[in-house]
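Student: Take this sequence and fold it.
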Amino acid sequence: MGGIADLRARTITQATRYLSALLEAALVDGLIVTNPAHRARRPRVEREPVTPFTDGEIAALRDAVPEWFTVALTLGSAPGSARQRRPGSRSTASTSYAAS
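Tutor: Just a heads-up that it's a prediction; the model follows:
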């Protein structure tokens, strides 16, 4: 149980970035002559598709949040914030984001 095999690709990539930055600072300070992390192969990070909220879900959230938060919710759900749409769903151009 445990070990590097249990870590997700994203975690390994982030740890490699931190290590590379640390070694780069040591290189700049003259403590090492090369940064071995530059040669490290990072795992491929598979990105999950974005599933935007439906109009009904946004309306339910708007009803559930405090009034002061509705502006942030409305702006966060505006066209352009959801780059991928569900097949068969309405386009963002026809979606109403006005406060109810």
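Student: Out of the helices and strands in this protein, which is least certain?
Tutor: Using mean pLDDT, DSSP states H and E, helix 70-76 stands out as the lowest-scoring helix or strand of the chain, at a mean of 86.
Student: Can you mark which positions in that one are buried?
Tutor: For helix 70-76, burial by neighbour count (16 or more other Cβ atoms under 10 Å) applies to L73. No exception for glycine: its C-beta is placed from N, CA and C like everyone else's.
Student: So which other helices or strands are in contact with it?
Tutor: helix 55-64 (3 or more Cβ pairs under 8 Å, 6 or more residues apart in numbering; DSSP states H and E).
Student: Would you mark the buried spots in the helix it packs on?
Tutor: Buried residues in helix 55-64, defined by neighbour count with 16+ other Cβ under 10 Å: 58, 62.
Student: Can you pull the domain assignment for this structure?
Tutor: Listed domain ranges for the chain are 4-39, 55-94 (source: automatic domain parsing).
Student: mind checking pLDDT for V33?
Tutor: With respect to pLDDT, V33 has a value of 94.
Student: tell me the SS of it?
Tutor: Of the three states, V33 takes coil according to DSSP: H, G, I helix; E, B strand; the rest coil.
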